[in-house]
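> Here you go, sequence then predicted model.
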Amino acid sequence: MNMIIKYPTFVKGFLAFLFFVMTISCQTSIDTPSSIFQDLENQEGIEGKAEYLNSPFTAAGDRLYLVGRQNGTFPDLGWHVEGEMGGIWLHPIKLLDGFIAQLGDHSQSICLTEGKTFANYPFANTIDYGSVLADLEVERMHFVPDAREGMIVLYSFKNTGSVDKSFDFSWTSRVDLRPVWLGERSGMIDQADEVAFNELTGIFTAKDQGNDWYAVWGTDAGIPLTPINPICNFESRGMGTSAAFGVQLNIPSGSELIFPIYIAGSTESELKALETIADLRENLEADWFSKKRRYEEISKKSAIEIPDKQLQKAFEWTKYNTDWLVRDVPGMGRGFGAGLPDYPWFFGVDSEYTIQGLLATGRKELVYSTVELLHQLSEETNGNGRIIHEASTNGVVFNPGNINETPQWASMIWEVYRWTGDREFLEKYFPSVEKGLIWLLEENDQDGNLLSDGYGMMEIHGLESEMIDVAAYSYKAFADAAKMAEILGKTELSESYQQTADALAEKINRDFWVPEFGSYADFIGTAEEALHLIEGAITRADTLDKPWAVEELEATKRSLSTLPKDQKQGFVLYHNWVVNTPMEVGVADPEKAQIALETARKYTNPFGTFVTGIDRDESSESEDGSFTGSKVFSYTGAVMTLPTGVSAIGENNYGNPDVALDYLQRMTRSFSFALPGSIYEVSPDYGMFSQAWNLYSYAIPIVTQFFGIQPDAGNRVIYIRPQMPSDWESASIEKVEIGDNEISLSYEKIDGELMIEVTQTQKKWGLSIEIPESYEQVKILGKEVSSDTQNGYRRILMTGAKVRVEAR
């Protein structure tokens, strides 16, 4: 139902009305919208492809974000809340399903539904409609300020003719005030929406009839809007309604007019939403340049200069992509969601990967707030050290945690300490590590063999035995916990943790290793469990028309029939990407690692590593186009960024930087493939169009492995052992934050001569530069503290604001 009421009829309140009238009466007229468009012309943007105009994009802030299509429309999209993941969200509620504009003059009327080009910028985006009416060009911009519960949509109208032009402009909003996913579990019950218009203020207000959920919108003060019946509309599901306004605009010949629309919302009161509208109007220019400066800082931190310019740009934009996912939710905290559009809320494991990338790119405050958010949710839900898997932005935890989240939490806490040296942080969160490791083995290891049972990263139905990724991450968790316990003076606990880590390392390399496949096993289980799982794997491979996989699985099935049903051993069934985690964490024996890495290279396509290796076939290496997913969202047949990043990290850990670079270059083929400036979760154009853990897949191989920066902030030492691809003769990285220090590094290797130069802001910190022993002549510039040789590397520990090593 479409409903316009000229005077408000619900909970308007005299104070809210009076406040807003006073606010707009005090505002001065400035040409801010024009300055915003002018400034955008000086920024680097990326233009999208015509064939992907019907795919989604986002304009995002930390409180509110918009998801629509690149052609400017807002069809129902997403599957998590079916058809509802687009529009404008102010978590934990949705404000609008979208909006649509119309232009008309004496000759025609046109709905703006066919944007011609889409351009993405780090913190804004534009849709160019081209020439819509005679001599009238139209462009639309979206901008969401930081820390505001609102956004601005700017329409640019250019009169390219030789005479003045008048036309009618109407704008229809589709309100849908509704709760986020799992809202019903927290008492958030959606009811019908109603809309009111105040003639004096020119503001529309929408309210959910059963909740204090509000959406408000309008333009600059003094522009007379007339409520009208929608001329252009679109259908959307839900209990929302539509409202429209019209206005006549006049543009002199050869000039431009910018028409702003301010949209805001609140989960508290109408007054708060009106205050946001006033803030948006008054502070548009300040908000724009404040966010611009913040994004410039994001760009400058851990900024790289490398020969591969496409990889360099992808790394830079991945930092921006992560920022689009920041959610600051009242009553919950500040963290980042896993991905848009369907995973905008909080995940344990996604955060545990991504935080490592955030540390390497200077986002300490976001790390701290996300860790605290996850810690609180896990304590309230579990209280035993178990780390949650997934929680909606209304505070409802959907999954209290798979097995892998808890050991990965321990290693993540250690990584934060390595990069920050923050002992208070370590003391605060180490108790959760202790509890978690107790939960890991006492409640999940039924046979007491140190291998916990249950789902890891691969949530394949029935695949919940002793998983390789759980084992690998458990090894790393106990090894890292041993270091933390030692720092905190818990020597006996440290020794116990290290003993467990050593035992797990032995088990992984003995019990999980399957020589005939040249791979670590997907899982350890009984023959009976494996037979049950293999039937599902055969069905999958046969359905996907992978005859080689069916043949291999049938052979495995025949061999299983000769084993005692209750005999446990390692099985390779799916060739899941998680078989690479022993190389990712560095627990694999070197000889086994090289064999396993070579095996893993078979399960790739031009975009990277398959999630499930049996989905690959002989044609995979030529499959470089769009991914064809199932009608119901599924990862079947998928190549994903996280498995590809894990493959790159594993290759670097075992001295194969050229292969690691190849994986990164494969992953980078997805950059701007569908959404300019972004990389999809499933390569190249399926699933989430912005994904948090992509930062892990880029930052760890580049910052900590190619540039070789390994922090020990607690001891005020930074270890540097560059491991560059063989054809990179020079590279540099600037403004890497480690504790209260900041370093920059330049690298050159030309004609057998090596140069590494490092500057730092804290000149008393130790810089340990490590170069291969094969260099016979070494020149050192800086204050040398000590020098030794270890594992084929000469280590030179120096201090000073600038140090330099030259070798040949």
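In hand now; what should we look at?

> Using the record's assignment, carve the protein into domains.
If you go by automatic domain parsing, the domain ranges for the chain are 14-296, 307-506+574-704, 523-573, 707-807.

> so E516 sits in a strand?
No - E516: not assigned to a strand; according to DSSP: H, G, I helix; E, B strand; the rest coil it is helix.

> Pull the contacting residues for the closest residue to G395 other than its chain neighbours.
Spatial nearest neighbour of G395, excluding adjacent residues (CB to CB, 6 or more residues apart in numbering): M332 at 5.7 Å. Bear in mind the C-beta positions are built from the backbone N, C-alpha and C, glycine included. Neighbouring residues of M332 by CB atoms under 8 Å, 6 or more residues apart in numbering: F346, L373, L377, T393, G395.

> since we're on the fourth one, how many residues are nearby?
Put plainly, it is T393. Per other CB atoms under 10 Å, the neighbour tally for T393 reads 25.

> Check which helices and strands whatever helix or strand F425 lives in sits against.
Assessed by DSSP states H and E, F425 sits inside helix 423-442. On a contact count with 3 or more CB pairs under 8 Å, 6 or more residues apart in numbering; DSSP states H and E, helix 423-442 meets helix 364-381, helix 405-420, helix 468-487, helix 491-511.

> where are the low-confidence patches of the chain?
Filtered on pLDDT under 70, the chain yields the residue ranges 1-32, 459-464, 630-631.

> biggest helix in it by residues?
Longest helix in the chain, counting residues (DSSP state H): helix 270-300.

> gap between it and the chain center?
Centre-to-centre, helix 270-300 and its host chain are 22 Å apart (CA atoms, centre = their mean, to the nearest Å).

> counting contacts, what elements does that helix pack onto?
Using 3+ CB pairs under 8 Å, 6+ apart, helix 270-300 sits against helix 14-26, helix 32-40, strand 150-159, strand 203-208, strand 214-218, strand 256-266, helix 309-324.

> Apply 6 Å and report the result again.
helix 14-26, helix 32-40, strand 214-218, strand 256-266 (3 or more CB pairs under 6 Å, 6 or more residues apart in numbering; DSSP states H and E).

> Buried residues in that helix, which are they?
Residues 270-282, 284, 287-288, 291-292, 295, 298-299 are the ones in helix 270-300 that count as buried (16 or more other CB atoms under 10 Å).

> just stretch 767-784 next, same as before
For stretch 767-784, the neighbour count (16+ other CB under 10 Å) marks L767, S768, I769, E770, I771, G782 as buried.

> end-to-end on that stretch?
In stretch 767-784, first residue to last residue: 9 Å (CA to CA, to the nearest Å).

> what do you get for stretch 222-240?
Terminal residues of stretch 222-240 are spaced 29 Å apart (CA to CA).

> Pull out the buried residues from it.
L225, P227, I228, P230, I231, C232, F234, S236, G238, G240.

> Dihedrals phi and psi, the last one?
According to degrees, to the nearest 10, the main-chain angles of G240 amount to phi -90, psi -170.

> Now it: closest residue in space, sequence neighbours ignored.
Once flanking residues are discounted, G240 sits nearest to D176: 3.3 Å by CB to CB, 6+ apart.

> try the first one
The spatially closest residue to L225, leaving aside those adjacent along the chain, is F245, at 4.2 Å (CB to CB, 6+ apart).

> again, but for the third one
Beyond its immediate neighbours in the sequence, the residue positioned closest to I228 (CB to CB, 6+ apart) is G246, lying 4.5 Å away.

> other SSEs contacting the helix or strand where the one you found lies?
Assigned by DSSP H and E, G246 belongs to strand 241-251. With contacts taken as 3+ CB pairs under 6 Å, 6+ apart, strand 241-251 sits against strand 165-179, strand 193-198, strand 226-228.

> now with 10 Å?
The contact analysis (3 or more CB pairs under 10 Å, 6 or more residues apart in numbering; DSSP states H and E) places strand 241-251 against strand 93-104, strand 150-159, strand 165-179, strand 193-198, strand 203-208, strand 214-218, strand 226-228, strand 256-266.

> Now distance to S732 too, for those strands, in JSON lines please.
Below are the helices and strands packed on strand 241-251 laid out as JSON lines (distance: least, CB to CB, whole Å):
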{"stretch": "strand 93-104", "distance to S732": "44"}
{"stretch": "strand 150-159", "distance to S732": "37"}
{"stretch": "strand 165-179", "distance to S732": "48"}
{"stretch": "strand 193-198", "distance to S732": "54"}
{"stretch": "strand 203-208", "distance to S732": "51"}
{"stretch": "strand 214-218", "distance to S732": "47"}
{"stretch": "strand 226-228", "distance to S732": "58"}
{"stretch": "strand 256-266", "distance to S732": "40"}
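
> Tell me where the stretch 551-700 of the chain has helices.
581-585, 590-600, 641-653, 657-668, 694-699 (DSSP state H, counting those that start in this stretch).

> V736: which of these is closest?
helix 694-699 (10.4 Å; CB to CB).

> Now the residue nearest the centre of the chain: closest residue in space, sequence neighbours ignored.
Residue closest to the mean C-alpha point of the chain, counted by CA atoms, centre = their mean, is A692 at 1.5 Å. Nearest residue to A692, sequence neighbours excluded (CB to CB, 6+ apart): T354, at 4.3 Å.

> so what's that neighbour up against?
T354 makes contact with 322, 325, 336, 338, 347, 363, 366-367, 370, 412, 642, 691-697, 699, according to CB atoms under 10 Å, 6 or more residues apart in numbering.

> let's go with 8 Å and repeat that
T322, F336, A692, W693, L695, Y696.

> ok, what's across the strand from the residue nearest to L225?
Beta-bridge partners for F245, by DSSP bridges, are W171, P227.

> Which positions in stretch 324-332 come out as buried?
Within stretch 324-332, the residues that qualify as buried are W324, L325, V326, R327, D328, V329, M332, counting by 16+ other CB under 10 Å.

> Need the CA coordinates for the helix or strand containing the fifth one. PDB is fine.
So that's D328. Under the criterion of DSSP H and E, D328 resides in strand 326-329. Only the C-alpha atoms of strand 326-329 are listed here, as PDB (Å, rounded to 0.1, in the frame of the first residue of the first chain):
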ATOM      1  CA  VAL A 326      33.100  -2.700   9.500                       C
ATOM      2  CA  ARG A 327      29.900  -2.800  11.500                       C
ATOM      3  CA  ASP A 328      29.500  -0.600  14.600                       C
ATOM      4  CA  VAL A 329      26.300  -1.900  16.300                       C
END
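
> If anything else comes up later, I'll come back, but that's it for now.
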